[in-house]
Every structure is written in structure tokens, then in C-alpha cells.
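>>> fold the following.
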Amino acid sequence: MSLSKRIISALLVAVMGICALFVGIYARQEEEKNIFDNTTTLHIWYTDEALTDHLGSMAVKYNEQYGVRVIPVLQSGLELLEKINEASYMEDNIPDLFIATNDIIEKAYLSGLAIPVDNSDGAVGLLNFPESAVNAVTYKQEIIGYPFYYETSALLYNKTYLKDLAEKNILAELKAEAEEEKAAAEEASEEEATATEQSEEEASGEPGQTEAAEFGISAGELEKMVEEKIPTLIPTTFEKLLEFADNYDAPENVEAVFKWDVADIFFNYFFAGNYIDAGGVCGDNVNAVDLYNEKAIRALKVYQKLSDYFAIDAANVDYNSVIQEFMEGKVVMTTATTDIIGKLETAKENGEFSFEYGIATIPRLTEEMETKGMSVTNAIYINGYSALRAEANSFAKFLALEHAGDLYEATGKVTANKNILHQNKDLNMFMNEYQDSAPIPKLMATSNLLIKMEIMFDRIWEGAEVSAQLKQLSEEMMTQITGQPYEEKYIQLQEESQEYIDYYQD
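Numbers count the residues shown, from 1 in each chain. Below you'll find the predicted structure:
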């Protein structure tokens, strides 16, 4: 080997040795860094991918403000508690806190995976959250989580159609008033008639504006009158909704005045929600289950009568199909969840939705009978097996209270914090429904209640006898609760008994 080659080889060996030395030093430094890094690190588990960017942003802010590292971990929603339980027995990277719906509270609490939060400052109370949210995270008089965001249903209506109807009604009222005045006054002069004709020619031609000008109403005044009129047109009871449907001269495109997903318990629950008790106000009392009573039967009879009028095929309807029909202008009113706001706004931007819309409260059953919808509250829970429970509690409060106002814009989720007012007023209408809603039950003994209720509603919609169906549901639930066969005494409404007597007397 030549001298030059030997020199080059020696240099290569030396360089490799130096590189190896530096790699070894770097590895030892990183190892020492990991060993001696005392930065507190929290792990928060969640199951909705829509939260990813927001949690990442909040983690950065929290670290900058409090010097605590937060690592969000996206998990599958399937068997979440089982995964948390398994991870809690590992020494590293256990979830210190997690986000889940309020129906898991009893199971999580009894297994130690969710512990009472530090609510010594009363943060989880009626000053910050509606009663429904506080009830949702309460178990055995303990506050188990921080209400984060919620889901419930409200009435969605085509505001364009109602604006047209309001304008039509206003002009009809003005015309009627003018005709009454005309009948009581002398005939207008020829000059006044000419002036009226001239004002009609100078009008902008906007729908209704020319007619309004005849009555001395400007376009701006008419628009204000229309906005004030619209709320009076929205049915406040299902009786009035049927009356509205009978009298409404619908546009040619309209196929249904009111249509909803009759196959989904989430959109049916409100019919009976005010008259059934699935565990007390907090849904945690196994001794406060009352499903079979006269008022609940009456409420479900109202529901059944609607099937005769609207004739919706439960087997061929779902939420997405109804919303699509609403967007196409085929449905005037429906029930929708909070995500509808973002969906409609996006559709508008994409040119897929050309109407105005509005949100209102669900109508009452009758003037005497109320509705009560169901709500699901997603809360932030502290893992009882975490060694960083105080730090986890602090970050949970950071999310649910300090930065509640950032949630909707980042995720499309509506905060459970009632002090946050959204620029979109329709979002605030959902809070009105949430405040009066029944939290989804927590009892493990009745964990299949909603599935059973969905089956019952389907049968009633198809014409099954109401009292018998509700009796069966109650017996099944009470059998699960008591652990032994349970039988309810059949309830027959008084008027039904009288109808039976009258029929045979005739």
C-alpha cells in the first residue's frame, strides 16, 4: 500500500473514531437529560380527533404559563376505560386525565379511574355552568369531572321561508287596516292616487317593498317588522305545529313542514323526557327510576298521533338524510344537534345551501305538557391512579374555564360554560335547550335503557299500544335493577275507560 493510501486510511479511522466518540457523548447527554429532566409531564387522553389541534395549542400555552408539559394522546373510543385501567398499572405515560361522556361516571368512579375534582373554589357550580352540566358530572353528591362541551337537540327552521310568510302576513294585515280606513273615510283625491302610482314606480322592486310603500312603510321598517314577526310564527307546541302545517301555503319545493329522525332516541327522548325518571336529577340514584306513569303515557300518545299526520317511515330515515332535505329546502323544520351550525355555514360557503336558518327551542307537547330533551356532556376527568392529580386538576380547569371561549372556533364543540356568549346567536339558543335538558343516565344497571327506549318508540310509532309498551320497558329495567322478575300494574287512562264504556253502551 502506498504511503498516501496509508495516510488516507489512518485519517478515515481517526475521523470514524472521533464521530463515534461524539455520538457516544451525545447519547449519554440525552440519556442524562431524560434521567435528570424534572419537568412535570401530564398525559391527557381523548377520543375525538376534532380536539387534536386545540389540545395541542392549549398544551403549549399551559407549558408557557405554568411550566408543565402536557402531552395529548388520541385514543379509540372503544373500551376507553379498559385501556385507561390497563395503562394505569404501567409506570410510564399513564393518562393523568381524560375526556369522556358523562354516562361513564359510575363505572369510572367505582373503579377508581375518576375521582372527585378539587372544587374547593366552587368552579363547577351554577356561576359557571347550567344546572344540567353540574348534574351531569355529579355522582353521589361529588363533582367527578369538569364539564367541557355538550350535545343536545333544538328546533332548526328555514328562516327564509318564515321571512316570506311573515312579510306576507304583515302586508295582509296592513292591507286589511287600510281597507277598514278606506271604508270609514272619504275617497282619496285623484292627485293622491297619482302620487301613489308614482311612488310605486320609484320603488326598488324588492319583494314586498312596493306594496309596503303603499302603506307608508319603508324597506328598512318592513325588514324590522319581519324580524319581529318571525318568532311569533314558530310553533310553541306540537298542537300549534300541526295547525301551522295545515294552514301553511308552502313553496312548491317543500315536501314536509316538519320532519325528524324518528328512529333515533336522541331526537325522540324529549317527547317523554319530562315525565320519566332514570335515576334522579343526577342520573345516579338507582331508587329513583320511574318510567311507567300516567303522564308518560299521555306524552307518548301525543308522539303516536304525530305518526298519523307526518307518516315518516322510521326504516328509511336518518339524521343526515333529513338535514340534506332541509338544506335543499324540502323540509321547513326539523330537530338538529349543535354541529348543524358549522355544517350549514360550511355549506353556505361552498354554495350548497342558499337559505337563511334559525334555531329555536323544541315545542311543548301541549299548552299543559312540557318537553325535555336529552343531553350528553363531555367532561374532563382526573385519573385516581395518577401521581399528578393536583396538576391534572389544574389543567382540566384551564381547559374548561380559563379557555372555554377558545373551544368552538378551534373544534366546533360548544362549551358547557354558560358564561361564553357566541357571536352566532343560534349557538346560544342551544344553551337554552341544554339548560333544561336531562343528562344521559350514569347507572350501570340501566346502561341499555336508551337502546330499549329506541325500540319502544319505534313500536309506538308503528301503532303499538302505548301503555303496554311503556309497561314492558319499565318491567325490563326494574328486573335488571332488582335482580328479580318485576311486574307493573297496568295503567289505563280514565278517558280510555270511558270510551270503552260508551262504545258498549251504544
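
>>> all strands of the stretch 351-500 of the chain, in order?
In the stretch 351-500 of the chain, the segments counted as strands under DSSP state E, counting those that start in this stretch are 357-360, 374-382, 414-415, 438-439.

>>> tell me which strands and helices the last one is in contact with?
Helices and strands in packing contact with strand 438-439 are listed as helix 131-136, strand 374-382; criterion 3 or more Cβ pairs under 8 Å, 6 or more residues apart in numbering; DSSP states H and E. Where C-beta positions appear, they are placed from N, C-alpha and C, glycine not excepted.

>>> of all those, which one is nearest Ile451?
Closest to Ile451 of the helices and strands packed on strand 438-439 is strand 374-382 (Cβ to Cβ; 13.5 Å).

>>> now the residue nearest to Asn424 when sequence neighbours are not counted: how far from Tyr385?
Beyond its immediate neighbours in the sequence, the residue positioned closest to Asn424 (Cβ to Cβ, 6 or more residues apart in numbering) is Ile341, lying 6.1 Å away. Plainly put, Ile341 is 38 Å away from Tyr385 if you go by Cβ to Cβ, to the nearest Å.

>>> between these two, which is the more surrounded one?
Neighbour tally, Ile341 and Tyr385, criterion other Cβ atoms under 10 Å: the higher count belongs to Ile341, 22 against 18.

>>> got the buried residues for whichever strand or helix holds the more buried one?
Ile341 is part of helix 340-349, with elements assigned from DSSP states H and E. Neighbour-count burial for helix 340-349, counted by 16 or more other Cβ atoms under 10 Å, picks out Ile340, Ile341, Gly342, Lys343, Leu344, Ala347.

>>> repeat that for stretch 163-178.
So for stretch 163-178, counting by 16+ other Cβ under 10 Å, buried means Lys163, Asp164, Leu165, Ala166, Glu167, Ile170, Leu171, Leu174.

>>> just these now: which is nearest Ala256?
If you rank these by distance to Ala256 using Cβ to Cβ, Leu165 comes first, at 16.0 Å.

>>> any weak-confidence spans in the stretch 351-500 of the chain?
Applying pLDDT under 70 to the predicted model, the residue ranges of the stretch 351-500 of the chain that meet it are 496-500.

>>> tell me where it has helices.
Along the stretch 351-500 of the chain, counting by DSSP state H, counting those that start in this stretch, helices occupy 389-397, 407-411, 425-435, 449-461, 466-482, 494-505.

>>> between the ones you listed, which gets nearest to Ile362?
For the helices of the stretch 351-500 of the chain, distance to Ile362 was read as Cβ to Cβ. The smallest value, 6.7 Å, belongs to helix 425-435.

>>> ok and that closest one relative to helix 340-349, angle-wise?
Going by axes from the mean of the first three to the mean of the last three Cα atoms, to 10 degrees, helix 425-435 is angled at 160 degrees with respect to helix 340-349.

>>> ok now helix 425-435, how far from the chain's centre?
Taking Cα atoms, centre = their mean, to the nearest Å, the mean C-alpha location of helix 425-435 is offset from the chain mean by 9 Å.

>>> how about stretch 350-358?
Centroid separation for stretch 350-358 versus its chain: 20 Å, with Cα atoms, centre = their mean.

>>> start and end of that stretch, how far apart?
Taking Cα to Cα, to the nearest Å, the first and last residues of stretch 350-358 lie 19 Å apart.

>>> ok, back up a step: what's near enough to touch the residue nearest to Asn424?
Residues counted as contacts of Ile341 (Cβ atoms under 8 Å, 6 or more residues apart in numbering) are Ile359, Asn424, Asp426, Leu427.

>>> run the last query once more with 7 Å
Residues near Ile341 by Cβ atoms under 7 Å, 6 or more residues apart in numbering: Asn424, Asp426, Leu427.

>>> in the chain, where is pLDDT below threshold?
1-37, 91, 185-210, 496-506.

>>> same thing but 90
Along the chain, the parts satisfying pLDDT under 90 run over 1-39, 77-78, 89-93, 172-220, 308, 311, 423, 494-506.

>>> need the phi and psi values for Pro351.
Check again: residue 351 is Gly, not Pro. Here the main-chain torsion angles of Gly351 (degrees, to the nearest 10) amount to phi 70, psi 20.

>>> neighbours of it, just the number please.
Neighbours of Gly351 under the rule other Cβ under 10 Å: 7.

>>> Pro95 versus that one, what's the distance?
As judged by Cβ to Cβ, Gly351 and Pro95 stand 43 Å apart.

>>> just the ones of the buried residues of stretch 163-178 in helices?
Counting by DSSP state H, the part of these found in helices is Lys163, Asp164, Leu165, Ala166, Glu167, Ile170, Leu171, Leu174.

>>> please name the nearest non-neighbouring residue to the last one.
Distance criterion Cβ to Cβ, 6+ apart; nearest residue to Leu174, sequence neighbours excluded, is Phe215 at 4.4 Å.

>>> what's the spacing between the one you found and Leu233?
Using Cβ to Cβ, we find Phe215 at a distance of 20 Å from Leu233.

>>> same check, this time on Asn102
Here the criterion is Cβ to Cβ. By it, Asn102 lies 36 Å from Leu233.

>>> out of those two, which sits in the more crowded spot?
In this view Asn102 and Leu233 are compared by other Cβ under 10 Å, and Asn102 has more residues nearby, 29 against 16.

>>> Asn135 is in contact with that one, correct?
No - Asn102 is beyond contact range of Asn135, at 9.0 Å (criterion: Cβ atoms under 7 Å).

>>> where do the contact lists of the two overlap?
What both Asn102 and Asn135 touch, as defined by Cβ under 7 Å, 6+ apart, is the set Pro439.

>>> start to end distance for stretch 424-443?
Counting by Cα to Cα, the length from the leading to the trailing residue of stretch 424-443 is 36 Å.

>>> for the residue nearest to Leu174, grab phi and psi.
phi -100, psi 10.

>>> repeat for the one 3 residues further on
For Ser218, the backbone dihedrals (degrees, to the nearest 10) come out as phi -80, psi 170.

>>> next, the contact list for it, please.
Not one residue lies near Ser218 by Cβ under 7 Å, 6+ apart.

>>> and with 8 Å instead?
Under the criterion of Cβ under 8 Å, 6+ apart, the contact list for Ser218 reads Ala212.

>>> just Leu443 next, same as before
With contact taken as Cβ under 8 Å, 6+ apart, Leu443 is in contact with Glu106, Ala278, Gly279, Gly283, Asp284, Val286, Val289.

>>> which of those tops the neighbour count?
For the contacts of Leu443, neighbours tallied by other Cβ under 10 Å; top is Gly283, 25 neighbours.

>>> in space, what's closest to it - neighbours in sequence excluded?
Pro441 (4.1 Å).

>>> quick one: the one you found from Phe271, how far?
Taken as Cβ to Cβ, the span from Pro441 to Phe271 is 17 Å.

>>> repeat that for Gly279.
19 Å.

>>> got it, and Ala288?
Here Ala288 is placed at a distance of 21 Å from Phe271 (Cβ to Cβ).

>>> looking at these two, which is more packed in?
A side-by-side neighbour count of Ala288 and Phe271, using other Cβ under 10 Å, places Phe271 first with 25 against 14.

>>> list the contacts of the helix or strand harbouring that one.
Secondary structure here is read from DSSP H and E; on that basis Phe271 sits in helix 269-272. For helix 269-272, contacts defined as Cβ under 8 Å, 6+ apart pick out 153, 296, 299-300, 302-303, 362, 365, 371-374, 438, 450, 453, 457.

>>> and the next helix or strand past that helix?
Secondary structure here is assigned by DSSP H and E; on that basis, the next helix or strand after helix 269-272 toward the C-terminus is strand 277-278.

>>> look up the closest residue to Asp458, ignoring the ones flanking it.
When the adjacent residues along the chain are set aside, Asp458 lies closest to Ala314, with 5.6 Å between them (Cβ to Cβ, 6+ apart).

>>> so that neighbour touches Ile265, yeah?
No - shown here, Ala314 and Ile265 do not form a contact pair, counting by Cβ atoms under 8 Å, at 11.7 Å.
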